[in-house]
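A.B. asks: A structural model of the following input is requested.
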Amino acid sequence: MTAAPSPADPDRETLRRASLKVALRISAGVAVLVLVLLAAATVFLMNKLAHPSVPSSPAYTYLDSRDLIEGMILAGLAGIVLAGVVGWVSARSAIRPLGEALARQRRFVQDASHELRTPLAILDTRIQLAQRKAEPGSESAQALARIREDTATLTGIVNELLLAATASAPSAGAEPADAASAARSVSESLQDLARQQGVSVEFSSGGQALVRVDSGSLRRAVLALADNALAHTPSGGRVAISCSVEGSRAVILVADTGSGITGVDPGRIFDRFVRAPGLDGDGGRRSFGIGLALVRDIATAAGGTVEVARTGPGGTTMRLALPLALPLARD
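C.D. replies: Numbers count the residues shown, from 1 in each chain. Below you'll find the predicted structure:
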């Protein structure tokens, strides 16, 4: 029976490649230096041979130029090999603390995500029990349905964290997700939060738009864009979410009526930890500059793009474009 690879194996392989890369770079640098020295010594020697001088003393040593050049080449090759070995050992020694830090980080994510799964499962069960007691179609039943949907999203995030921490590959034949349905779900989930801030959230769609991406990841991407728009929209403003099909892509637009992106280059807004100034006052929520970076990661992994379509004093519009899923072959 073959033992399963330990969680640290991916880190070990990554660090091994990094050490090899450092060693190769050191060897390449030394090789260039040795070649330059050999070329300079050869030029000097050939110049001396072309312009011989009679020694002042009758006693002198005879050197064969060919033997001398061969000796220099062998010494240079030995120096390059020695530099590679030294670079390999030094790189492994220098990267070892990084490997230990990566292993601790991976264990923490594994433990945290695993421990969160049970409370989330219990919470989902309690929501289902409450739904059975609620009157179908009532306001409380609808609120419970939205809460359960948010719980499912959180469970999906925890499961993806656990998969990433164990270096497990995601399941390949995922069903296409409906971009319009994900955008509609996000707009419904944000209604209560937007109402508290005095902001209206509107949704419009041109119909179903299936994309080849995990439904949970798609919903998180749209939610991050909408949450960012909501955080930068003052009271009395509006956030509009729309979904349409443009050519071979599904396009989701999230527009707000804020003051636009200021204090940072709009082209860098999707970089990790880059933040634009938020709203003043108690209503403003602290941003860590991670949400939009995750949106770009999700879009890139799905073969799509995300960009700032427009920004200015009248507000900002974010554009998420994802390739449409190809129709499944039928027998």
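
A.B. asks: can you pull out the strands in the stretch 151-300 of the chain?
C.D. replies: With DSSP state E, counting those that start in this stretch, the ranges of strands along the stretch 151-300 of the chain come out as 177-178, 200-205, 210-211, 238-246, 249-256.

A.B. asks: Please, which helix or strand holds the closest residue to residue 22 other than its chain neighbours?
C.D. replies: Distance criterion CB to CB, 6 or more residues apart in numbering; nearest residue to residue 22, sequence neighbours excluded, is residue 91 at 3.7 Å. C-beta here means a position set from N, CA and C on the backbone, and glycine is covered the same way. Mapping residue 91 onto the secondary structure by DSSP states H and E places it in helix 65-133.

A.B. asks: Let me see the confidence value for the nearest residue to residue 157 once chain neighbours are set aside.
C.D. replies: Counting by CB to CB, 6+ apart, residue 157 lies nearest to residue 220, which is 6.9 Å off, once chain neighbours are set aside. The model reports residue 220 with a pLDDT of 87.

A.B. asks: wait, residue 220 sits on residue 299?
C.D. replies: No - counting by CB atoms under 8 Å, no contact exists between residue 220 and residue 299, whose distance comes to 11.4 Å.

A.B. asks: Residue ranges of each domain in this protein, please.
C.D. replies: Domain assignment of the chain by automatic domain parsing yields the ranges 7-50+64-169, 177-323.

A.B. asks: Work out which residue lies at the spatial centre of the protein.
C.D. replies: The structure's the chain has its C-alpha centroid closest to residue 297; by CA atoms, centre = their mean the separation is 4.8 Å.

A.B. asks: Compute the distance between that residue and residue 30, please.
C.D. replies: The span separating residue 297 from residue 30 equals 38 Å under the rule CB to CB, to the nearest Å.

A.B. asks: And the contacts of stretch 73-84?
C.D. replies: For stretch 73-84, the external contacting residues (CB atoms under 8 Å, 6 or more residues apart in numbering) are 23-24, 26-27, 29-31, 34-35, 37-38.

A.B. asks: Quick one, grab the pLDDT at residue 279.
C.D. replies: The predicted local confidence for residue 279 is 55.

A.B. asks: That should have said residue 92, apologies.
C.D. replies: In this prediction, residue 92 carries a pLDDT score of 71.

A.B. asks: Which of the helices or strands spans the spatially closest residue to it that is not a sequence neighbour?
C.D. replies: Using CB to CB, 6+ apart and skipping residues adjacent in sequence, the residue nearest residue 92 is residue 19, 4.7 Å away. For residue 19, the element it lies in under DSSP H and E is helix 9-50.

A.B. asks: What helices and strands are in contact with that helix?
C.D. replies: helix 65-133 (3 or more CB pairs under 8 Å, 6 or more residues apart in numbering; DSSP states H and E).

A.B. asks: and the helix holding residue 19, how far from the chain's centre?
C.D. replies: When C-alpha coordinates are averaged (CA atoms, centre = their mean, to the nearest Å), helix 9-50 and its chain have centres 34 Å apart.

A.B. asks: Now do that helix and helix 65-133, the angle between them.
C.D. replies: Going by axes from the mean of the first three to the mean of the last three CA atoms, to 10 degrees, helix 9-50 is angled at 160 degrees with respect to helix 65-133.

A.B. asks: still on that earlier bit, I'd like the contacts of stretch 73-84 laid out as TSV, including pLDDT.
C.D. replies: Formatted as TSV, these follow (pLDDT from 0 to 100):
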residue	pLDDT
23	72
24	75
26	74
27	73
29	73
30	73
31	74
34	73
35	76
37	74
38	73
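
A.B. asks: With distance to residue 243 added, can I get those residues in JSON lines?
C.D. replies: As requested, these are exported to JSON lines (distance: CB to CB, whole Å):
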{"residue": "23", "distance to residue 243": "51"}
{"residue": "24", "distance to residue 243": "48"}
{"residue": "26", "distance to residue 243": "53"}
{"residue": "27", "distance to residue 243": "54"}
{"residue": "29", "distance to residue 243": "53"}
{"residue": "30", "distance to residue 243": "57"}
{"residue": "31", "distance to residue 243": "56"}
{"residue": "34", "distance to residue 243": "62"}
{"residue": "35", "distance to residue 243": "60"}
{"residue": "37", "distance to residue 243": "65"}
{"residue": "38", "distance to residue 243": "66"}
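
A.B. asks: Name the nearest of those relative to residue 189.
C.D. replies: Distances from these to residue 189 were compared by CB to CB; the smallest belongs to residue 24, at 50.5 Å.

A.B. asks: who touches the closest one in this structure?
C.D. replies: Shown in contact with residue 24 (CB under 8 Å, 6+ apart): 84, 87.

A.B. asks: Report the separation between it and residue 315.
C.D. replies: Applying CB to CB, the value for residue 24 to residue 315 is 51 Å.

A.B. asks: can you check residue 249 too?
C.D. replies: Going from residue 249 to residue 315 by CB to CB gives 23 Å.
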